[in-house]
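Below is the sequence, then the predicted model.
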Amino acid sequence: MARRERVQSLYVLFTLAVLIAGCNRPAPPPPPNEHVEQPAMDDEAIERLRSLGYLGTSGLPKKGAGRGAVILDRDRMAPGPTLVVFSGSCEAQLLSPEGQVVRSWMDQSCHRWDHAELLPDGGVAVVGARLDEDRAEDPIRTGRYLMRLTSGGKVIWRLEINAHHDVSITPDGKLLTLVMKRRRVPEIDPVNDIADDELTLVSMDGAILESVSLYDILAAATPPYAFQKAGAHDAGRSHLLDPFHSNAIRSASVPAMAARHPIYGPGTVIVTSRHQDDLFVIDWTARKLLWHWGRGIVSGPHDASMLRDGHVLVFDNGLARGASRVLELDPLDPAALRQFAPGGSKFFDRVMGSCQRLPNGNTLIVHSEGGSAVELSPEGAPVWTYEGTLATPEGYRVKIIRMRRVPS
């Protein structure tokens, strides 16, 4: 019986990997200047999905604890440990390829960590919150912070700002994060405040160096940026709209391609907005929107990054379709999409989800609500899989916020 259960579990993992990969087939490009059609969904239904909390389990199957890591092809998997943050926890774990905990970091006095980024010195930078925003009187005031810890887990500094969702390292060794700020913007809503996202640059010793409003950049764009009405589902409780729900900020600079287009120049960043269904490349120095893409094609996206070849990789949650996928695109020719997507079945992350292009060309995809992940070769073959080993008292597998493979 144990052998049968093991084979069935491996089959499920392998099937998920194949479905996600779609054999790595390029998606047919849409006609020029036209969007990829998505099945129509009621706007209210999409808003309900946008308002789901990260810890909620409504509608999810009770999968229970998974079996951890499975190496399917050691020679083809990208070497190095994997950093993982589980939903609802204040802990990051560095896992060996076999799934063993090599090192961990934690914080007792908090509600959850959104992301942890491994630093060159072996420590981590962490974005976290002390309180549950779904229960707080003001979702802005949840004790959010940005924190740096040593490799041994000692706190170096804690910056008490409304940092959320992401922290990443710039090419010159600084930290980028998103900071939520309440403000009134009559052009969006004359009655309720909005949660603006301030793109914030922080030094490695915890000093805020610069910050700029995402709304201000978009409002000053030429041609004018068309704001999508979103994030108002829970506004009545706190009189706060969440029009952006940005969830990732990364450097977009690719020096070898800077002559091709300004989006690859020094100081550019790429921001992912779940509620605008859009990705933005911004010139930090000029405070200028250089490029945006996504609306009508992606729905509720997460975790976009600029690759070394100048392409963009993004996790498309697919709220309007009820099916998730990962897309790779040339930002200067976005119609030529490369799709990692379901074949005969589907996976669906209503919240979260992440993706990472690895140094050897493999792609790590995290099915957050399924508490699982798969690493695919460039040809779409699964070479490593992971099922989270934690479960809630009710029998739900604990979600994975993000995973990051760390090059060895």
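Ah, there it is. Residues are numbered from 1 along each chain as shown.

Count the neighbours of residue 64 for me.
13 (other C-beta atoms under 10 Å). Quick note: C-beta positions are derived from backbone N, CA and C, even for glycine.

any idea what it is structurally, helix, strand or coil?
Following DSSP: H, G, I helix; E, B strand; the rest coil, residue 64 is assigned to coil.

Need the nearest residue in space to it, chain neighbours excluded.
Using C-beta to C-beta, 6 or more residues apart in numbering and skipping the chain neighbours, the partner closest in space to residue 64 is residue 391 (5.0 Å).

residue contacts, residue 281?
For residue 281, the contacting residues are 252, 263, 268, 269, 270, 271, 289, 290, 291, 292, 306, 331, by C-beta atoms under 8 Å, 6 or more residues apart in numbering.

and it, that one's in a strand?
Yes: counting by three-state DSSP, residue 281 is part of a strand.

show me where the stretch 1-150 of the chain has strands.
Taking DSSP state E, counting those that start in this stretch as the criterion, the stretch 1-150 of the chain carries its strands at 68-71, 82-86, 91-95, 101-106, 112-118, 124-129, 144-149.

Next, the residues that contact the fourth one from outside, please.
By that I understand strand 101-106. 81, 90-96, 116, 124, 126, 149, 151, 153.

Partner strands of it and their direction?
strand 91-95 (antiparallel) (DSSP bridges).

any idea how far the partner strand is from the chain center?
Distance of strand 91-95 from its chain centroid, counting by C-alpha atoms, centre = their mean, to the nearest Å, is 17 Å.

Could I get the buried residue list for it?
The neighbour-count check on strand 91-95 (16 or more other C-beta atoms under 10 Å) flags 91, 92, 93, 94, 95 as buried.

partner residues bridging the third one?
Under the criterion DSSP bridges, residue 93 forms beta bridges with residue 84, residue 104.

wait, what's in contact with it?
Contacts for residue 93 were tallied using C-beta under 8 Å, 6+ apart; they are 83, 84, 85, 86, 101, 103, 104.

follow-up on the earlier one: in JSON lines: the buried residues of strand 91-95, plus pLDDT and distance to residue 210.
Formatted as JSON lines, the buried residues of strand 91-95 follow (pLDDT from 0 to 100; distance: C-beta to C-beta, whole Å):
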{"residue": "91", "pLDDT": "93", "distance to residue 210": "31"}
{"residue": "92", "pLDDT": "96", "distance to residue 210": "27"}
{"residue": "93", "pLDDT": "96", "distance to residue 210": "32"}
{"residue": "94", "pLDDT": "97", "distance to residue 210": "31"}
{"residue": "95", "pLDDT": "98", "distance to residue 210": "35"}
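
nearest to residue 245, of those?
Ranked by distance to residue 245 (C-beta to C-beta), the buried residues of strand 91-95 are led by residue 92 at 22.6 Å.

thought the closest one was touching residue 112?
No: applying C-beta atoms under 8 Å as the test, residue 92 and residue 112 come out as separate, 11.6 Å apart.

quick one: the helices in the stretch 1-150 of the chain?
2-21, 43-50 (DSSP state H, counting those that start in this stretch).

Averaging pLDDT per element, find the lowest-scoring helix or strand in this structure.
helix 2-21 (a mean of 34; mean pLDDT, DSSP states H and E).

which stretches of this structure aren't confidently modelled?
Where the chain drops to pLDDT under 70, the residues are 1-57, 134-136, 232-238, 341-345.

List the residues that contact the residue nearest the centre of it.
Compute the mean C-alpha point of the chain, and by C-alpha atoms, centre = their mean the closest residue is residue 303, 3.1 Å away. By C-beta under 8 Å, 6+ apart, the contact set of residue 303 is 247, 248, 272, 314, 315, 353, 354, 355, 402.

Just the residues contacting the helix or strand hosting residue 157, thanks.
Assigned by DSSP states H and E, residue 157 belongs to strand 155-159. Outside strand 155-159, the residues that touch it by C-beta under 8 Å, 6+ apart are 107, 123, 145, 146, 147, 148, 149, 150, 202, 205, 206, 208.

ok, that strand: who's next to it in the sheet?
Note on strand 155-159: by DSSP bridges, its sheet partners are strand 144-149 (antiparallel).

got the CA positions of the partner strand in PDB?
Provided in PDB are the C-alpha atoms of strand 144-149 (Å, rounded to 0.1, in the frame of the first residue of the first chain):
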ATOM      1  CA  ARG A 144       4.400  46.300   8.700                       C
ATOM      2  CA  TYR A 145       8.100  46.400   8.600                       C
ATOM      3  CA  LEU A 146      11.300  45.700   6.600                       C
ATOM      4  CA  MET A 147      13.900  43.800   8.600                       C
ATOM      5  CA  ARG A 148      17.400  42.500   8.000                       C
ATOM      6  CA  LEU A 149      18.800  39.500   9.800                       C
END
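
That strand: how far from the chain's middle?
18 Å.

Stretch 278-285 now?
Counting by C-alpha atoms, centre = their mean, stretch 278-285 comes out at 16 Å from the chain centroid.
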